[in-house]
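> output the structure for:
(2 chains)
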Amino acid sequence: GQNIDQPTEMTATEGAIVQINCTYQTSGFNGLFWYQQHAGEAPTFLSYNVLDGLEEKGRFSSFLSRSKGYSYLLLKELQMKDSASYLCAARGYGQNFVFGPGTRLSVLP
Amino acid sequence: DTAVSQTPKYLVTQMGNDKSIKCEQNLGHDTMYWYKQDSKKFLKIMFSYNNKELIINETVPNRFSPKSPDKAHLNLHINSLELGDSAVYFCASSQVTTEAFFGQGTRLTVV
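From the prediction side, this is the model:
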């Protein structure tokens, strides 16, 4: 079966660092993706891992451990505009993206 | 130039009606998808099409039917709409090695 799990909500302070964890089980594995979704908008792509290790893209980094079925998204120097839902998605066979329930991040001043 | 566009953005209709949502992508991608996002914000795959062939058909009611006239278009037809169909529907596309690009979403409200 396929299952993606991530925390429902997180709160952090402006300027801080936050780590959003994701665990996954998929039929086959073709990558782990992170998306950001603001209320009322479409998901937008943030980061992607297919091999173990850390991928860094500006203030956002994503880590993957395939043996553990685990990923995290790291957001540095948090800004108010980072308040959004963060979706973890695993890609299995057949090019299907299976999304987790999303983590709603609130950034406080 | 919008990469993935879907219309309409809002759709309000009565129970029992039949409606369609259109989706077009200009990215040259081979795979297109329809996702449903419910009130709890869970994004769930409904269909995906690869080169006009249905490759995934999740357990959705057969009132929902995807139609793809060519690989740049994947429309969603819904028959006999029910209250529980109210949600935001997202179209998306991707290549084998790329992320999925999403359309703006269609907020469907069934009254």
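> element containing the closest residue to residue B:108 other than its chain neighbours?
Using Cβ to Cβ, 6 or more residues apart in numbering or on different chains and skipping the chain neighbours, the partner closest in space to residue B:108 is residue B:11 (4.9 Å). C-beta here means a position set from N, CA and C on the backbone, and glycine is covered the same way. Using DSSP states H and E, residue B:11 falls within strand B:10-13.
> okay, buried residues for that strand please.
B:11, B:13 (16 or more other Cβ atoms under 10 Å in any protein chain shown).
> tell me the strands beside that strand, with direction?
Next to strand B:10-13 in the sheet, as set by DSSP bridges, lie strand B:106-110 (parallel).
> alpha carbons only: can I get the partner strand in CSV?
The C-alpha coordinates for strand B:106-110 follow below in CSV (Å, rounded to 0.1, in the frame of the first residue of the first chain):
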residue,chain,number,x,y,z
THR,B,106,-11.6,24.7,-9.7
ARG,B,107,-13.8,25.2,-6.6
LEU,B,108,-16.9,23.1,-7.1
THR,B,109,-19.9,23.7,-4.9
VAL,B,110,-22.9,21.5,-5.2
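> may I see the buried residues of it?
Counting neighbours by 16+ other Cβ under 10 Å, the buried set in strand B:106-110 is B:106-108, B:110.
> and the average pLDDT for that strand is what?
For strand B:106-110, the mean pLDDT works out to 97.
> again with stretch B:54-62
78.
> before we move on, what about stretch A:29-45?
95.
> ok, and what's touching that stretch?
A:22, A:24, A:46-50, A:60, A:62, A:64, A:66, A:71, A:73, A:84-93, A:95, A:97, A:99, A:102, B:41, B:43, B:90, B:99-105 (Cβ atoms under 8 Å, 6 or more residues apart in numbering or on different chains).
> ok, back up a step: biggest separation within the buried residues of strand B:106-110, which pair?
B:106 and B:110 (12.6 Å; Cβ to Cβ).
> any idea how many residues pack against the closest residue to residue B:7 other than its chain neighbours?
Spatially, and ignoring its direct neighbours in sequence, residue B:7 is nearest to residue B:22 (5.2 Å; Cβ to Cβ, 6+ apart). Using other Cβ atoms under 10 Å in any protein chain shown, the number of residues around residue B:22 comes to 16.
> sorry, back to before: residues of the helix or strand following the strand holding residue B:11 that come out buried?
As assigned by DSSP H and E, the chain's next helix or strand after strand B:10-13 is strand B:19-25. Buried positions in strand B:19-25, judged by neighbour count with 16+ other Cβ under 10 Å: B:19, B:21-25.
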